[in-house]
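> kindly generate the corresponding structure for this input.
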Amino acid sequence: MNNQGCKRVAPEDKITTLPDEILLNILSLLTVKEAVATSILSRRWRYVWTSLLRLHFRYEDVVQNDDKDNEILRQTRKAHGVYKDRCIQMVNQVLRARKGRELREFGIHYPLLESSTCHIHLWVAFAIAIGVSKLELNFSPYPFPDYICLDKNYSIPLDLFDKTKGLESFLLQLDHVFSIPTSSLNVQNRFESLRELLLKFVDLRNEHFEAILSNCTSLECLHLLRCRSLVNVKHIVPHMKLNCLEIYHCSNLKNVEIFAPNLVSFKYRGPSIYIFVKDAKQLVNLCMCSYRERENGYARVNYYGLPYMQKKDFLFGQFADYLSRLEYLMMDVGSFEVKQGFNKVSLFSNLKHLSLTCLNRSHGPDGMLCCYHTVAGFVNTSPFLHRLELHFSLAPTKNPELSRITISPHIHLKEVLVSGFSGNELARDIILSIFDFAIELEKIGITTVYLGDLSRRPYKNRNADIEVVRRCIQQLHQRLPANAQLHFLDDHF
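The predicted model follows:
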């Protein structure tokens, strides 16, 4: 066959011909660093990334590939300083090159502290002025050790929340530093777009909390983590849009009062404080995990000089009006006294998902025996429970014999998850008891990884002997109900 005169035809690039909207959706699946790198693909791709709708700057974007596995390097203050400068430089360069007039999400996920205030001020002002719907400031020290990050946490300027003139000075700086003209920003309605605000390791004070809820009237979700300057959190004017409030490890917090009629989800982990949620008739998701009442460095009296909320009232007392409506409940078994608690409750008539956390000690208010009695109490009062989770955070020290109590057969419980599993006999016996009353069980997942703290990364139980765990799982397989499946989940983490 004569191939003379035949020309090689380049394969058709169908992706490049797609409209910008679709290309931006593709780029949103990449990190900022990866998205910027697409500018070298072709002339068509050169400026697409400058209109990204989501900008999240993370530790992984600034660390060199050669440094990622260098544990020693990460332990040094010098490394933190180098990476901090890279992070600031990257954010500033991306904002200078940005062309799009719309930005939906903006986030900083790097341990920047008070020393970087001047830069962070401008970034936050830019995000608010351009009208983002989601803003996240995550200044967690991870992956650096805590002693590297000893500077004070960043604090948001209250001026930003002054609707009359608070943003003026920042707008001038945005124009000067990033060449972002005021005309390109949605200045008049800057707070109307904000739907979700996540502040982690931020120096947030009481007046900040009030200013946020008073000015961000469209806010639907507020997430606070380790904001240690919060003491007395109060918002007594109804916030009609807020449906999700999460407060984790704000260790100096003494009192919470919130009026959000459409609140659907409230999650709290911290000291046993007074919490008043007013008229939240839509509340169906609740997480209440308190620190243990012992010598743990926290005062035994609150802001008003009154003792902290007693265990028996922390959940069942403060949320008594909402218990019958709950569909999801997560709690620490040391947060209340089992017998007194369930005496106050007739029925969790809507509860479908229960998650219990406890220490793997054999005895005491946080122990596995207490967990077992708590399971019994909830199973007997939750006729439509579908999923049960047990999270054991520490390795056990004793294995007392489990004294079985009467638990009625349950036909709706189909799924069980056990995390922090170490293969000890007491945990095994508790699972076997579940096999007995969950007569329609379909699947159970078991892992040595602890999944009981929603505010932190999952971590493995270092004291778990994997061979002991596997032998225990084999024993459970032999007693598994006929229609149920058991999955060992460690390979997924």
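> burial of the closest residue to Tyr459 other than its chain neighbours, as a residue count?
What sits nearest to Tyr459 in space, not counting adjacent residues and going by C-beta to C-beta, 6 or more residues apart in numbering, is Tyr450, at 5.6 Å. Using the backbone N, CA and C atoms, a C-beta is placed for each residue, glycine as well. Tyr450: 21 surrounding residues under other C-beta atoms under 10 Å.
> quick check: phi and psi on Tyr450?
phi -90, psi 120 (degrees, to the nearest 10).
> now do the contacts for the nearest residue in space to Glu327 that is not next to it in sequence.
Of all residues not flanking Glu327 in the chain, Val284 sits nearest, at 4.4 Å (C-beta to C-beta, 6+ apart). Contacts for Val284 were tallied using C-beta atoms under 8 Å, 6 or more residues apart in numbering; they are Val264, Ser265, Arg325, Leu326, Glu327, Tyr328, Asn350.
> try 7 Å
Contact analysis of Val284 by C-beta atoms under 7 Å, 6 or more residues apart in numbering lists Val264, Arg325, Leu326, Glu327, Tyr328.
> re the thing from before, so what's the residue nearest to Tyr459 up against?
Tyr450 neighbours (C-beta under 7 Å, 6+ apart): His391, Ser393, Ser419, Gly420, Pro458, Tyr459, Asn461.
> rerun that using 6 Å as the cut-off
Shown in contact with Tyr450 (C-beta atoms under 6 Å, 6 or more residues apart in numbering): Ser393, Ser419, Gly420, Tyr459.
> that one and Phe378, how far apart?
Distance of Tyr450 to Phe378, computed by C-beta to C-beta, to the nearest Å: 21 Å.
> so for whichever strand or helix holds Val94, mean pLDDT?
Val94 belongs to helix 77-97 when elements are defined using DSSP states H and E. Averaging pLDDT along helix 77-97 yields 81.
> quick check: next helix or strand after that helix?
With DSSP H and E, the next secondary element past helix 77-97 is strand 105-109.
> quick one on the thing from earlier: buried ones in the helix holding Val94?
Buried residues in helix 77-97, defined by neighbour count with 16 or more other C-beta atoms under 10 Å: Ala79, His80, Val82, Tyr83, Lys84, Cys87, Ile88, Met90, Val91, Val94, Leu95.
> how about that helix as PDB, C-alpha atoms only?
What follows is helix 77-97, C-alpha atoms only, in PDB (Å, rounded to 0.1, in the frame of the first residue of the first chain):
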ATOM      1  CA  ARG A  77      11.700  26.300  63.400                       C
ATOM      2  CA  LYS A  78      13.700  27.100  60.300                       C
ATOM      3  CA  ALA A  79      11.600  24.800  58.200                       C
ATOM      4  CA  HIS A  80       8.400  26.400  59.600                       C
ATOM      5  CA  GLY A  81       9.700  29.800  58.700                       C
ATOM      6  CA  VAL A  82      10.700  28.800  55.200                       C
ATOM      7  CA  TYR A  83       7.400  27.100  54.500                       C
ATOM      8  CA  LYS A  84       5.500  30.100  56.100                       C
ATOM      9  CA  ASP A  85       7.200  32.500  53.600                       C
ATOM     10  CA  ARG A  86       6.400  30.100  50.700                       C
ATOM     11  CA  CYS A  87       2.800  30.000  51.800                       C
ATOM     12  CA  ILE A  88       2.500  33.800  52.000                       C
ATOM     13  CA  GLN A  89       4.200  34.200  48.700                       C
ATOM     14  CA  MET A  90       2.000  31.700  47.000                       C
ATOM     15  CA  VAL A  91      -1.300  33.200  48.200                       C
ATOM     16  CA  ASN A  92      -0.200  36.700  47.300                       C
ATOM     17  CA  GLN A  93       1.000  35.600  43.800                       C
ATOM     18  CA  VAL A  94      -2.300  33.800  43.100                       C
ATOM     19  CA  LEU A  95      -4.400  36.800  44.200                       C
ATOM     20  CA  ARG A  96      -2.300  39.200  42.100                       C
ATOM     21  CA  ALA A  97      -2.900  37.000  39.000                       C
END
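> what angle separates that helix from strand 105-109?
160 degrees (axes from the mean of the first three to the mean of the last three C-alpha atoms, to 10 degrees).
> what helices or strands is helix 77-97 leaning on?
Applying 3 or more C-beta pairs under 6 Å, 6 or more residues apart in numbering; DSSP states H and E, one finds that helix 77-97 makes contact with helix 59-62.
> buried residues of the helix it packs on, list them for me.
So for helix 59-62, counting by 16+ other C-beta under 10 Å, buried means Tyr59, Asp61, Val62.
> tell me, how many residues neighbour the closest residue to Leu451 other than its chain neighbours?
Closest residue in space to Leu451, ignoring its immediate chain neighbours: Ser419 at 4.0 Å, by C-beta to C-beta, 6+ apart. By other C-beta under 10 Å, 23 other residues sit near Ser419.
> Ser419 and Lys443: what is the separation?
15 Å.
> ditto for Phe348
For Phe348 relative to Lys443 (C-beta to C-beta), the value is 22 Å.
> comparing these two, which residue is more hemmed in?
For the pair Phe348 and Lys443, the greater number of neighbours falls to Phe348 (24 against 14), based on other C-beta under 10 Å.
> any idea of the pLDDT on that one?
For Phe348, the predicted pLDDT is 90.
> need the contact list for the closest residue to Asp465 other than its chain neighbours.
Of all residues not flanking Asp465 in the chain, Gly423 sits nearest, at 6.8 Å (C-beta to C-beta, 6+ apart). Going by C-beta under 6 Å, 6+ apart, Gly423 touches Val468, Val469, Cys472.
> make sure the last one is actually in contact with Arg428.
Right, the one you point to is Cys472. Yes: using C-beta atoms under 6 Å, Cys472 is in contact with Arg428, at 5.3 Å.
> what is the neighbour count of the residue found closest to Phe384 once you drop the neighbours it is linked to in the chain?
Excluding the flanking residues, the one nearest Phe384 by C-beta to C-beta, 6+ apart is His412, at 5.2 Å. His412 has 13 neighbours, counted by other C-beta under 10 Å.
> I'd guessed His412 sits against Leu388; true?
No: contact between His412 and Leu388 fails when scored by C-beta under 6 Å: they sit 10.7 Å apart.
> lowest confidence element among the helices and strands of this protein?
helix 71-74 (a mean of 53; mean pLDDT, DSSP states H and E).
> what lies in contact with stretch 473-488?
Leu432, Phe435, Leu441, Glu442, Lys443, Ile444, Gly445, Ile446.
> off-centre distance for it?
31 Å (C-alpha atoms, centre = their mean, to the nearest Å).
> ok, now stretch 92-102?
28 Å.
> quickly note the distance from Cys289 to Leu160.
To Leu160, Cys289 is 32 Å away according to C-beta to C-beta.
> cool, and Ser169?
Taking C-beta to C-beta, one finds Ser169 at 10 Å from Leu160.
> pick out whichever of the two has more residues nearby.
Neighbours per residue (other C-beta under 10 Å) separate Ser169 from Leu160, with Leu160 holding more: 21 against 13.
> the nearest residue to Glu192 once chain neighbours are set aside: neighbouring residues, count only.
Here the nearest residue to Glu192 in space, its sequence neighbours aside, is Ser218; by C-beta to C-beta, 6+ apart that works out to 5.4 Å. Neighbourhood size, Ser218 [other C-beta under 10 Å]: 15.
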